[in-house]
Each structure stands twice: as structure tokens, then as C-alpha cells.
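> The following block contains a protein sequence and its predicted model.
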Amino acid sequence: MRHQASPVLFLLAILLALPATQALYFYMDRHEQRCFIEELPKETTVVGTYKSEEFNHHTNAYQENPETGIIIGVEVAVDSARL
């Protein structure tokens, strides 16, 4: 006799995993800069995965270009006062 997992348990497992997952997806033009401010506890390690794609008008699709790069800068705020 085969036991089936309850759909409620499956949904509960998905809902418990959601708070641990965050994603960010956006479009940018060349030479454009974006600033994201995130308050993190001390000793927090941030890991990210990114990819850069350019729109190819010949194929009418986004494609990766190995000659294109992304510069990521991280600044640590000394205090919380910002303008």
C-alpha cells in the first residue's frame, strides 16, 4: 500500500521556506547605476548570483555577452544618518 504525502504538508513546507528566500530582478541601461540599501546584522555574509544580458535585435531576444561585465560596490555605513 502506497502512502501519499498530504497536500497540506507540502504547502506548509513551501510556506516555511519562503521567508528564507529573497530575489531581485531588474533591467538597467548601460552605464546606469542602482543603489540598494539593506540593513544587515553584524557578521552577516551576503551571497549573490547575477548575470548580464544584452538585447540582440537580430534574434529579438536577450543574450549573454562575455565582454559585458557588472561592477558591484559594497559600502558599510558608519552610522544610520543618511541624506
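Perfect, I can see it now.
> Next, the contact list for Tyr25, please.
By CB atoms under 8 Å, 6 or more residues apart in numbering, the contact list for Tyr25 is empty. From N, CA and C alone the C-beta is placed, and that goes for glycine too.
> is it true that it lies in a strand?
No. Secondary structure of Tyr25 (DSSP: H, G, I helix; E, B strand; the rest coil): coil, not part of a strand.
> pretty sure Phe26 contacts Glu32?
No. Phe26 is not in contact with Glu32 according to CB atoms under 8 Å; the separation is 10.2 Å.
> mind showing which ranges of the protein have poor pLDDT?
Counting by pLDDT under 70, the chain shows low-confidence ranges at 1-5, 17-23, 78-83.
> can you give me the helices in it?
7-17 (DSSP state H).
> ok, Glu26 to Pro41 distance?
If you look again at residue 26, you'll see it is Phe, not Glu. From Phe26 across to Pro41, the span is 25 Å (CB to CB, to the nearest Å).
> do Ala77 as well
From Ala77 to Pro41 the distance is 13 Å (CB to CB).
> cool, and His31?
Here His31 is placed at a distance of 33 Å from Pro41 (CB to CB).
> what's the answer for Leu11, then?
30 Å.
> Nearest residue to Gln63 in space, ignoring adjacent ones along the chain?
Spatial nearest neighbour of Gln63, excluding adjacent residues (CB to CB, 6 or more residues apart in numbering): Asn56 at 4.9 Å.
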